[in-house]
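Peer 1: structure for this input, please:
(2 chains)
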Amino acid sequence: MSAATMPANTEALTLSGAEVVLRALKDQGVEVIFGYPGGAVLPIYDALFQQNAIRHILVRHEQAAVHAAEGYARSTGKVGVVLVTSGPGATNAVTGLVDALMDSIPVVCLTGQVPTHLIGNDAFQEADTTGITRPATKHNYLVKKPGDLARVMHEAFYVAKSGRPGPVVIDLPKDILINKAPYSDAPTTPHRSYRPRTEPCPEQIRKAVALLKGAKRPIVYAGGGVINSGPEASALLREFVRMTGFPCTNTLMGLGAYPAGDPLFLGMLGMHGTYEANLAMHGCDVMLNIGARFDDRVTGRLNAFAPDSKKIHVDIDPSSINKNVPVDVPVVGDAGRVLAALIAAWKEDGAGQDKATLTAWWRRIDEWRAKDCLRYRQEGRIIKPQHAVKRLYEITQEMRRETFITTEVGQHQMWAAQYFGFAQPNRWMTSGGLGTMGYGLPAAMGVQIAHPDALVIDIAGEASILMNIQEMGTLAQYRLPVKVFILNNEYMGMVRQWQELLHGGRYSESYSAALPDFVKLAESFHAVGMRATDASDLDRVIREMIAIDKPVIADICVAKDENCFPMIPSGAAHNEMILGPEQEGGVAGVTDEGKVLV
Amino acid sequence: MSDNGNAQRAATIAVLVENEAGVLARVIGLFSGRGYNIDSLTVAPVDETGRISRITVVTSGTEMVIEQIKAQLDRLVPVHKVSDLTTEGPHLTRELALIKVVGKGDDRVEALRLADAFRARVVDATTESFVFEMTGNGEKIDAFCALMRPIGLAEVSRTGAVAIARGTRGLN
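Peer 2: Prediction:
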């Protein structure tokens, strides 16, 4: 063909769709993707094989690919990327996608699809992926024209990471991947319809500062939005809290946003939060919520939540405001930008602070603190789960290694949140909103890929860990020295706890029967297995586990009947929390209305 | 927040969206997934290029729920603009209905008389039936259908409401 007869865009059509996908990933700064091959995505795997820019991590189950991408995203602040095939590949990924949606984690998930001409024909491994994932994602795309491919790829990254982050699915029919497609760079013009607001309205900042300056019993309640905003936001939170002298509490998602050891930090709040954090929330007169969403685990009974307070709510997502709790001063914006604006406005504002009333407020808080609500007694030979986490924390502190913690879901997760202190953001990954058992091991995998030299520990339960145990194979293949620290009480502990407290001690199906031998299980996956059954073994096992430069499962056999306290029973208010077993009678007051709540 | 937090109200919400595959499913899925009511919903492209569609959805809920509905709609990626016409000033609401009445003799005469009073047009007729076309607000159509029922109302097809603000105020 002579140059004269060539269509004008021939030059652009040298890449296959699959190559366009990889080029877009590279241009978006993607270095690693987590995936599992299959028929519909073979063209992408073929293109991956012929390049070196992007590393592919082969997981053992698609759900784990998404959790790994979440762990990667949460520990780096970058977008996590997933590649799975059509049909079961996509449906297996759904739990991970909803997990990322609930916890606002930026993920781009590429799913294969049957060729466009077969869509709707019930073809082999066909599923209506965009239909299934519509409520499971922040947004999704089905690419039906080669000309849309590059634009959609770039747009997906923009949508995943801007505003309130979340998962985005791109469904890619096989013919789109095989046929030539034009490439274009990421657009420099703003998106046509999606432009989330990040800068706060100055008038709202002024109102917020006026309320804060006049506060007699203030509290700062900071959540995952501060983490998502980037490490500067956590630094600004620190600056704001120290400047004001206000007490600060973090949500489960926000742990690390404010340093745990700081005297102004009250610990985590909510259902298993500290006594001082919850009572300070209950008794406050001005609440500054930054990047948290008044989740039911945090608020307890809504009509008794912080009853005498004026509330300022900072959120990047306007739909979070006035959703569960009506607020007095809504501020729509990015947590970091809002904090910077609050600090500037506070300094400009001429009004002084009533230090005397603040001191009186701190005196009350210190009385609550004196209850020492997280105390436990490690006596005898049986290891208390709290003690196991506490020692794990203390020993990692001594070692001064950069440490990342992931968890599964249940009692061990709450103990990890209570007893492991985080001084920095992005060091703690847990499934908060969806509460996905099986999250921790794959998430730890993603963290370790991003931070090869760091110490990455999945604090697990013996039931949760089995939900994605196949990922031990991935750890072995990529020599990822993740440590799985199982608090093994032979029960789905949180289920057992609720059955004890709310269902007359009828332990229906909550016993972890027929457990594997975790030491042998580790060995069969080319990892190291170890076990602690006696309190005197604990420190040695922890130190050995950390010292070994291989994946390790440490089976920590803990007290079987320990409950997680303090606890706000479902349907109760913050000031009705139960401190410990001696007070369990307090649960008898739970109403049927409360029992209905999860 | 208002003191009567539990009072329900109706809202006519206009939404401008990118006219792309699946956008209606996103809107409807949002309503069903979050348990909001849809009393009626209409959609059609409204700009010269066909890239923008306008959805008019009539819903009801407490003030807090309606505020949520608007915020949830607004955060959908293909949504350009959300407007609660009910609270943003005077607006017009219209609905189109095609109403089939089957009957003979005096009933036919009565049907035509009533149709005339309601300014419904005859758009199809046989010796035993009429199809009337009428526009108006929902109550007017309800009233007409109620009158036709004893005369021989056979079938009704309604569009649901479309709405627009009065005066110069626009959505775009």
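Peer 1: how far off centre is stretch A:500-515?
Peer 2: For stretch A:500-515, the distance from its own C-alpha centre to the chain's C-alpha centre is 28 Å (CA atoms, centre = their mean, to the nearest Å).
Peer 1: would you mark the buried spots in it?
Peer 2: Neighbour counts over stretch A:500-515 (16 or more other CB atoms under 10 Å in any protein chain shown) mark A:500-501, A:510, A:512 as buried. C-betas here are computed from N, CA, C, even on glycine.
Peer 1: what do you get for stretch A:34-48?
Peer 2: Buried-residue list, stretch A:34-48, by 16+ other CB under 10 Å: A:34-38, A:40-45, A:47-48.
Peer 1: pick the one among those closest to chain B.
Peer 2: Using CB to the nearest CB, the shortest approach to chain B within the buried residues of stretch A:34-48 belongs to A:Ala40, at 19.3 Å.
Peer 1: partners of the residue lying closest to the closest one once chain neighbours are set aside in the sheet?
Peer 2: Leaving out its chain neighbours, the residue that sits closest to A:Ala40 by CB to CB, 6 or more residues apart in numbering or on different chains is A:Gly112, at 2.8 Å. Beta-bridge pairing of A:Gly112, defined through DSSP bridges, involves A:Leu172.
Peer 1: surely A:Gly112 and A:Gly89 touch.
Peer 2: Yes - shown here, A:Gly112 and A:Gly89 form a contact pair, counting by CB atoms under 8 Å, at 6.6 Å.
Peer 1: next, count neighbours for A:Val409.
Peer 2: When neighbours are counted by other CB atoms under 10 Å in any protein chain shown, A:Val409 registers 24.
Peer 1: one more: B:Arg119?
Peer 2: Counted with other CB under 10 Å, B:Arg119 comes out at 11.
Peer 1: element containing it?
Peer 2: Using DSSP states H and E, B:Arg119 maps to neither a helix nor a strand.
Peer 1: if the nearest residue to it once chain neighbours are set aside is in a bridge, with which residues?
Peer 2: Distance criterion CB to CB, 6+ apart; nearest residue to B:Arg119, sequence neighbours excluded, is B:Met134 at 7.0 Å. Per DSSP bridges, the residues bridged to B:Met134 are B:Ala97.
Peer 1: surely B:Met134 meets B:Ala97?
Peer 2: Yes - between B:Met134 and B:Ala97 there is a contact at 5.4 Å, judged by CB under 8 Å.
Peer 1: any common contacting residues for those two?
Peer 2: B:141, B:144 (CB atoms under 8 Å, 6 or more residues apart in numbering or on different chains).
Peer 1: what is the helix or strand bottoming out on mean pLDDT in chain A packed up against?
Peer 2: Across the helices and strands of chain A, mean confidence by mean pLDDT, DSSP states H and E is lowest for helix A:592-596: a mean of 77. Helices and strands touching helix A:592-596, by 3 or more CB pairs under 8 Å, 6 or more residues apart in numbering or on different chains; DSSP states H and E: there are none.
Peer 1: what sits up against it?
Peer 2: A:301, A:502, A:569-572.
Peer 1: got the buried residues for that helix?
Peer 2: Buried-residue list, helix A:592-596, by 16+ other CB under 10 Å: A:Gly594.
Peer 1: and the stretch 1-150 of chain A, which residues reach chain B?
Peer 2: A:130-131, A:134-135, A:138-140, A:142, A:144 (CB under 8 Å from any CB of the partner chain).
Peer 1: a markdown table for the buried residues of stretch A:500-515, including distance to A:Glu239 and pLDDT?
Peer 2: Shown next, in a markdown table, are these (distance: CB to CB, whole Å; pLDDT from 0 to 100):
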| residue | distance to A:Glu239 | pLDDT |
| --- | --- | --- |
| A:Glu500 | 44 | 94 |
| A:Leu501 | 41 | 91 |
| A:Ser510 | 45 | 97 |
| A:Ser512 | 46 | 97 |
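Peer 1: ok, back up a step: so which of the buried residues of stretch A:34-48 sit within strands?
Peer 2: A:34-35 (DSSP state E).
Peer 1: quick check: the farthest pair among the buried residues of stretch A:34-48?
Peer 2: Using CB to CB, the buried residues of stretch A:34-48 reach their maximum pairwise distance at A:Phe34 and A:Pro43, which is 18.5 Å.
Peer 1: number of residues surrounding the nearest residue to A:Asn426 once chain neighbours are set aside?
Peer 2: Spatial nearest neighbour of A:Asn426, chain neighbours left out: A:Ser75 (5.3 Å); criterion: CB to CB, 6+ apart. For A:Ser75, the neighbour count with other CB under 10 Å is 26.
Peer 1: cool, B:Val156 as well?
Peer 2: 15.
Peer 1: ok but it is inside a strand, no?
Peer 2: Yes - the assignment for B:Val156 by DSSP: H, G, I helix; E, B strand; the rest coil puts it in a strand.
Peer 1: how near is the closest residue to it other than its chain neighbours to B:Val123?
Peer 2: Leaving aside its sequence neighbours, B:Val156 sits nearest to B:Ile99 (CB to CB, 6+ apart; 5.3 Å). Here the criterion is CB to CB, to the nearest Å. By it, B:Ile99 lies 10 Å from B:Val123.
Peer 1: overlap in contacts, these two.
Peer 2: With CB under 8 Å, 6+ apart as the test, B:Ile99 and B:Val123 both reach B:131-133.
Peer 1: relative to A:Arg369, which of those residues is nearest.
Peer 2: Nearest member of the shared contacts of B:Ile99 and B:Val123 to A:Arg369, counting by CB to CB, is B:Glu133, at 74.0 Å.
Peer 1: quick one: contacts for the closest one?
Peer 2: B:96-99, B:120-123.
Peer 1: change it to 10 Å
Peer 2: B:96-99, B:115, B:120-124 (CB atoms under 10 Å, 6 or more residues apart in numbering or on different chains).
Peer 1: for the residue of chain B found nearest chain A, helix, strand, or coil?
Peer 2: Across chain B, the shortest distance to chain A (CB to the nearest CB) belongs to B:Ala71, at 3.6 Å. Following three-state DSSP, B:Ala71 is assigned to helix.
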